[in-house]
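Student: predicted coordinates and the sequence they were generated for:
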Amino acid sequence: MERGFFICATEDCEVSTKLILSFEKNKFYPGELQVGVFHVTTGMQTVPAKIADMKENTIALELEKQIVYTKDDTFLLLDLNAKKLHVIGKGKTIKTS
């Protein structure tokens, strides 16, 4: 096995480069959420992600690489360039493409 491989039952996991998350912004994150490139993490995977669209409590992400997850996983949206707090917020998948 090589780095990045996953062992799981096929019916338990999803693989995607596009996610739509129900999103909850971290109340301590000082900035406003804007369309741009950030990082998304779940489990032990961290992938660069572009915010393609934002609505009230929903964000659409386009990932640079595939990510493996289950329907119950929580995703963290990170701003690794922030001076202090890096965690922008969290979300769960509501739709994948």
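Tutor: Everything's here; your move.
Student: pull up the pairing partners for the worst-scoring helix or strand of the chain on mean pLDDT, direction included.
Tutor: None of the helices or strands of the chain scores lower by mean pLDDT, DSSP states H and E than strand 87-96, at a mean of 88. Its sheet considered, strand 87-96 pairs with strand 14-25 (antiparallel), strand 74-78 (antiparallel) by DSSP bridges.
Student: show me what counts as buried in the shortest one.
Tutor: Read it as strand 74-78. By 16 or more other C-beta atoms under 10 Å, the buried positions in strand 74-78 come out as Phe75, Leu76, Leu77, Leu78. Quick note: C-beta positions are derived from backbone N, CA and C, even for glycine.
Student: what's near enough to touch the first one?
Tutor: Contacts for Phe75 were tallied using C-beta atoms under 8 Å, 6 or more residues apart in numbering; they are Leu19, Leu21, Val40, Thr41, Thr42, Tyr69, Lys90, Gly91, Lys92, Thr93.
Student: go again with 7 Å.
Tutor: Leu21, Val40, Thr41, Thr42, Lys90, Gly91 (C-beta atoms under 7 Å, 6 or more residues apart in numbering).
Student: do the same with the third one
Tutor: Counting by C-beta under 7 Å, 6+ apart, Leu77 makes contact with Phe38, Val40, Ile88, Gly89, Gly91.
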